[in-house]
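In: Need a 3D model of the following:
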Amino acid sequence: MKQPYLQTLEIEPDRSATASVIWMHGLGADASDFYSVVSQLGLPSEPAVRFVFPNAPKIPVTINMGMIMRAWYDVTGFERKDQDEPRIRQSGAWIDEVVAREVDRGVDPGRIVLAGFSQGGAMALFAGLRQHESLAGVICLSGYLLLDEELESIAQGGGSFPPIFQAHGTEDPVVPYTTGLRSRDLLVAAGCGVEWREYPMGHQVCLEEIRDIGAWLIGVLNSGQPKAGFSEPLDTP
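Out: Numbering: from 1, shown residues only. Here you go, the predicted model:
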């Protein structure tokens, strides 16, 4: 079994795993960031889910005065032209290796969910939409689409998109709420099934959101379908 480049922290179920959630942290955090969330999701004992938390590499981050920290890609600005395409693609390939290892360990691709917060959410979308075999789902928390101009060509490639749970804080000062909405609209226009949730909070997660994630995971892992389809948020600008 080929070992992935990324180091991971894992939570194993009490028996052989039949599903996996691969959860990417945000900028400057690490693999332990969402470790404690698992116990709050309210998941039943079936299916047996392995949680995998990869560590992003440490790189200088331009927007943070060049400080070296864990990041999936560099951030030089907030326009689409500023996106660090080489590192985005490299991190996507490394996440693909983690997915491949789960398959090697006996988990069907249709039982694997990619999840992430902020940069990690952006990478979950990036990698999840480009898998050769459709995954069980993608969770993007306070994140956004990367290299969104490629969506149309991906959609025309003939594959099927996984169901997506996308959530955002309406008062987010880091990744603006409108950025999340724009990403959602692009995903829906490309044919993705998106379950949208918004919460009166900043760049963070809240207990209600964690419970909603748990309910959505139960839906996609137990039935292979999301609990609900796209829903229009209130007060859309």
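In: Centre of the chain to the helix or strand bottoming out on mean pLDDT in the chain, how far?
Out: For the chain, the helix or strand with the lowest mean confidence is helix 151-155, at a mean of 84 (criterion: mean pLDDT, DSSP states H and E). In terms of Cα atoms, centre = their mean, to the nearest Å, the centre of helix 151-155 is set 18 Å apart from its chain centre.
In: what's the very next helix or strand once past that helix in contact with?
Out: Going down the chain from helix 151-155, the next helix or strand is strand 164-169, by DSSP states H and E. Applying Cβ atoms under 8 Å, 6 or more residues apart in numbering, the contact partners of strand 164-169 are 125, 128, 137-143, 175, 177, 180-181, 183-184, 187, 192-204, 209, 212-213, 216, 226. Every residue, glycine included, has its C-beta placed from N, CA and C.
In: Next one: the residue of the chain most remote from its centre from residue 81, what distance?
Out: Centroid-distance maximum for the chain: residue 65 at 26.3 Å, with Cα atoms, centre = their mean. From residue 65 across to residue 81, the span is 21 Å (Cβ to Cβ, to the nearest Å).
In: And the average pLDDT for stretch 81-94 is what?
Out: On average, the pLDDT along stretch 81-94 is 95.
In: For the protein, which residues score under the pLDDT cut-off?
Out: 157-159, 223-237 (pLDDT under 70).
In: Could you identify the longest helix within it?
Out: Longest helix in the chain by number of residues (criterion: DSSP state H): helix 85-104.
In: which parts of it are buried?
Out: For helix 85-104, burial by neighbour count (16 or more other Cβ atoms under 10 Å) applies to 87, 88, 91, 92, 94, 95, 98, 99, 101, 102.
In: neighbours of residue 207, just the number please.
Out: Residue 207 is flanked by 9 other residues according to other Cβ atoms under 10 Å.
In: what's across from the closest residue to residue 102 other than its chain neighbours in the sheet?
Out: Leaving aside its sequence neighbours, residue 102 sits nearest to residue 20 (Cβ to Cβ, 6 or more residues apart in numbering; 4.4 Å). As for beta bridges, residue 20 partners with residue 50, residue 112 under DSSP bridges.
In: picking that back up, packing partners for the longest helix of the chain?
Out: strand 19-24, strand 49-54, strand 112-117, helix 119-128 (3 or more Cβ pairs under 8 Å, 6 or more residues apart in numbering; DSSP states H and E).
In: now the angle from the second one to helix 85-104?
Out: With axes from the mean of the first three to the mean of the last three Cα atoms, to 10 degrees defining the directions, strand 49-54 sits at 150 degrees from helix 85-104.
In: How is the closest residue to residue 125 other than its chain neighbours assigned, secondary-structure-wise?
Out: Nearest residue to residue 125, sequence neighbours excluded (Cβ to Cβ, 6+ apart): residue 140, at 5.0 Å. Assigned by DSSP: H, G, I helix; E, B strand; the rest coil, the conformation of residue 140 is strand.
In: pretty sure residue 140 is touching residue 124, no?
Out: Yes - between residue 140 and residue 124 there is a contact under Cβ atoms under 8 Å: 5.6 Å.
In: joint contacts of these two?
Out: In contact with both residue 140 and residue 124: 115, 116, using Cβ under 8 Å, 6+ apart.
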